[in-house]
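# Give me the fold of what follows.
(chains A and B)
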Amino acid sequence: MKYIAEVDGQEFPVEILDDHHVRFGEEILEFDLSAVNGQPLYSLIVNKESFEGYIYPDEGNWKVLLFGSSYTINIEDEREKRLRKPENESALTDREFTLRAPMPGLVIATSISEGQHVDKGQLLIILESMKMQNELRSPFEGTVVRLKIKAGESVQQKQVLLSIIPSLIRKPE
Amino acid sequence: MFKKILIANRGEIAVRIVRACRELGIKTVAVYSEADRQALHVRYADEAYLLGPSPARESYLRSDKIIDIAHKSGVDAIHPGYGFLAERADFATECVDAGLVFIGPKASSIAAMGDKTVARTTVAKAGVTVVPGTEGEGPLRDEELLALAPKIGFPLLIKATSGGGGKGMRDVYNIEEMPDLLQSARREAQSSFGDDKVYLEKLVEGAHHIEFQIMADQFGNVIHLGERECSIQRRHQKLIEESPSPYLSDDESLRQRMGAVAVQAARSVDYANAGTIEFLVDKDRNFYFLEMNTRLQVEHPVTETVTGMDIVTEQIRVAFGLPLGRKQESIRCRGAAIECRINAEDPYNDFLPSTGRVTLTQPPTGPGIRIDTGIYAGFEISPYYDPLITKMIVWGETRTQAIIRMRRALEEYKIVGVRTNIPFHQAMLGTYPFITGKYDTRFVEEKFSMVDAAENRELYLDIAALMATLVAHDQQEHLSQIYRRQGKESHWKWINRTGKQNR
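Predicted structure coming up:
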């Protein structure tokens, strides 16, 4: 199996040869990968060098926590990458932004309403969790198209709170 | 000595108190909410009683139920820990009225120091310098605060009268933003303390937050156990504490003066038991009284580590009526201690709290490491309580050795299942200002970022890419194996067979 792993704008071709050998770039490396106690904590010995990383999927990518740094890695198998159509990339930006609850909690206040124009950094919602009030702000200028919750409601993690259409691609009225 | 003590708290601090009681041969009674049935403090205690549903106001804040349980279980005393009921004068009074010893100061001392405006007036009368602000003016309305603000001068701080732990606190840089900030400070104060009164205080820039640990008995003996530097804060929440303070460093005369003032401030409210006097020290080494915490502090292990004194044991001894075990002259600080507060917060996502089941913990051990925690693999971190899950304290012969040891320990510490701020600590302990001890209370928010910190470090892009690919490949193989097996025979046969295998 051939893969392309992309991290921080750098691409690494990885070809898995068998359970203990991998072609990494030009080199062939001997490796042994083992999940600690069945957990997403992995011990990797590669050419006798030992590493330990916490690895988990996150929004279509993989996150690796290694020596106190977090890496976001996009992995595609080579075939998939060749087949990928270029227009997909432009389609990405044409979507409305959905704000999801970053944690479970209680909605203390919503300072906006549907149809309202918001500025970048404007306060949208105050969410209380673990005794702290967290202010959720708009990541860009736009229009609130849907508001799914109201003050006093409890929300689950990742629950949709509201949607915003960024100003630049605002639909003509 | 007491025969049995009830611990009116949860998490790591409840475990800490159970441990002290065990060593003193005192039986313990735990109380718990529905969310905490499997918590460590419940499992370690001799007896455990359910308080009620998970929200704190229906469980750990139910003083009536706690006193009922104290009677039922026949305890002599109640230890409140920190947070919850620890600084509620009415609770201390209720305990005493019910014939129980409250392991902490007298209700009158809590009341005098609990209202921050009264506290400032009291210590100012005793000759202690306070940060200029609206103390001694009583509760003020927004219009009055807005009128007084320019006289104090910007930047300033809005603080909750019944405040603590950074809640209900806002920095104000100009009059225009002040009305909104007053509103949000009052709202947070109301929800945290049931009291929306606020006051103003000058914001001392480039300041250090340095506090002194106080220990006092019921015979009027008051000593201090040296200082803790607590300037590494985010949103007024402490994240790292250390002793001795690198800012005071070799300035023994300043340390002695501050210690003496701390003792004097404690005496001004006739203090007994453990307490902490917080000071701000400005860039010209002037120091101001900030507030007194009339309870055991989260960061007390830092002081225990350098002085060798068991503060919780000493609290229990003096509450029983014994005199202090040590005199001021016999307090000697040895080496350096650092504490990192490990919170269930994601440092890569604006420190938002993270909840869920801890699936694995691999705590560091070895020389000079102490871990105070209430979690274990399988424990569920709920959104109901504070995000603090573990405190890691290290000791070193020198500050440099302590930093190196802490970096080693953070590298070893693995907590899986929830996000933690361990990467924040690793990044912080690698910064030049921290290593050289030249940081103040603004450092985290103004000069520190996870992205910048990462830039100065050795990168393992190739190893990270390789690891992720191997894991992704493994999972894909695993999935396709399942599909293949399902494809060969009918789906139902396959389920049937695994069913038999499991029998």
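# Look through chain B and state the residue closest to chain A.
At 3.2 Å from chain A, B:Gln426 is the closest residue in chain B, using C-beta to the nearest C-beta. C-beta here means a position set from N, CA and C on the backbone, and glycine is covered the same way.
# now stretch B:401-411, how far from the centre of its chain.
With C-alpha atoms, centre = their mean, to the nearest Å as the basis, stretch B:401-411 stands 20 Å off its chain's centre.
# right, is that stretch up against chain A?
Yes: using C-beta under 8 Å from any C-beta of the partner chain, we find that stretch B:401-411 touches chain A at B:Leu410, B:Glu411.
# Give me the residue ranges of chain A where confidence is low.
A:84-95, A:168-173 (pLDDT under 70).
# How is it partitioned into domains?
A:2-83, A:95-169 (automatic domain parsing).
# Looking at the ones you listed, which is nearest to chain B?
Proximity to chain B, assessed across the domains of chain A by C-beta to the nearest C-beta, is greatest for domain A:2-83 (3.2 Å).
# ok, which stretches of chain A are helices?
With helices called from DSSP state H, chain A shows them at A:78-83, A:87-93.
# Against A:Tyr3, how distant is A:Ala35?
Counting by C-beta to C-beta, to the nearest Å, the gap from A:Ala35 to A:Tyr3 is 19 Å.
# related to what we said a few turns ago, the residue of chain B closest to chain A: which element?
helix B:422-428 (DSSP states H and E).
# Show me which positions of that helix end up buried.
Within helix B:422-428, the residues that count as buried by 16 or more other C-beta atoms under 10 Å in any protein chain shown are B:Ile422, B:Pro423, B:Phe424, B:His425, B:Gln426, B:Ala427, B:Met428.
# got it, and stretch B:431-441?
By neighbour count on 16+ other C-beta under 10 Å, the buried set for stretch B:431-441 is B:Thr431, B:Phe434, B:Ile435, B:Gly437, B:Tyr439, B:Asp440, B:Thr441.
# Show me what the longest strand anywhere in chain B is packed against.
Assignment by DSSP state E gives strand B:222-234 as the longest strand of chain B. When contacts are defined as 3 or more C-beta pairs under 8 Å, 6 or more residues apart in numbering or on different chains; DSSP states H and E, strand B:222-234 packs onto strand B:208-216, strand B:237-243, helix B:252-267, helix B:300-307.
# thinking the residue of chain B closest to chain A is in contact with A:Leu66, fair?
No: using C-beta atoms under 8 Å, B:Gln426 makes no contact with A:Leu66, being 11.0 Å away.
# tell me the contacts of B:Glu87?
With contact set as C-beta atoms under 8 Å, 6 or more residues apart in numbering or on different chains, B:Glu87 has these partners: B:Ile110, B:Gly114, B:Gly164, B:Asn293, B:Thr294, B:Arg295.
# Show me the shaky parts of the stretch 51-200 of chain B.
In the stretch 51-200 of chain B (pLDDT under 70), the answer is B:135-136.
# Which residues of it lie near chain A?
Contacts of the stretch 51-200 of chain B with chain A, taken as C-beta under 8 Å from any C-beta, map to B:Gly165, B:Lys167, B:Ser184, B:Arg187, B:Glu188, B:Ser191, B:Ser192.
# Centroid-nearest residue for the chain?
No chain in the question, so chain A it is. A:Glu59 (3.8 Å; C-alpha atoms, centre = their mean).
# that's the wrong chain, I meant chain B
Geometric middle of chain B (C-alpha atoms, centre = their mean) lands on B:Val298, at 3.8 Å.
# Doesn't it lie inside a helix?
No: in this structure, B:Val298 is coil, not part of a helix, as judged by DSSP: H, G, I helix; E, B strand; the rest coil.
# Make sure it is actually in contact with B:Arg341.
Yes: counting by C-beta under 8 Å, B:Val298 does reach B:Arg341; the two are 7.0 Å apart.
# tell me, what's touching the two both at once?
With C-beta under 8 Å, 6+ apart, B:Val298 and B:Arg341 have common neighbours B:Lys238, B:Leu388, B:Lys391.
# any low-confidence regions in chain B?
Flagging of chain B using pLDDT under 70 yields the residue ranges B:135-136, B:456, B:486-503.
# Would you map out the domains in it?
Split by automatic domain parsing, chain B gives B:4-103, B:132-202, B:205-326, B:335-457, B:461-501.
# Between the two ends of the third one, how far is it?
Looking back up the chat, that one is domain B:205-326. In domain B:205-326, first residue to last residue: 37 Å (C-alpha to C-alpha, to the nearest Å).
# Repeat that for the longest one.
Domain B:335-457 has its terminal residues 28 Å apart, counting by C-alpha to C-alpha.
# returning to what we had before: nearest spatial neighbour of the residue of chain B closest to chain A, skipping sequence neighbours?
Nearest non-adjacent residue to B:Gln426, counting by C-beta to C-beta, 6 or more residues apart in numbering or on different chains: A:Gly68, 3.2 Å away.
# That neighbour against B:Asn421, yeah?
No: counting by C-beta under 8 Å, A:Gly68 sits too far from B:Asn421 to count as a contact (11.2 Å).
# neighbour-wise, which of these two wins?
With neighbours defined as other C-beta atoms under 10 Å in any protein chain shown, A:Gly68 and B:Asn421 compare such that B:Asn421 has more, 24 against 19.
# Please tell me how far that one sits from B:Arg334.
Taking C-beta to C-beta, one finds B:Asn421 at 29 Å from B:Arg334.
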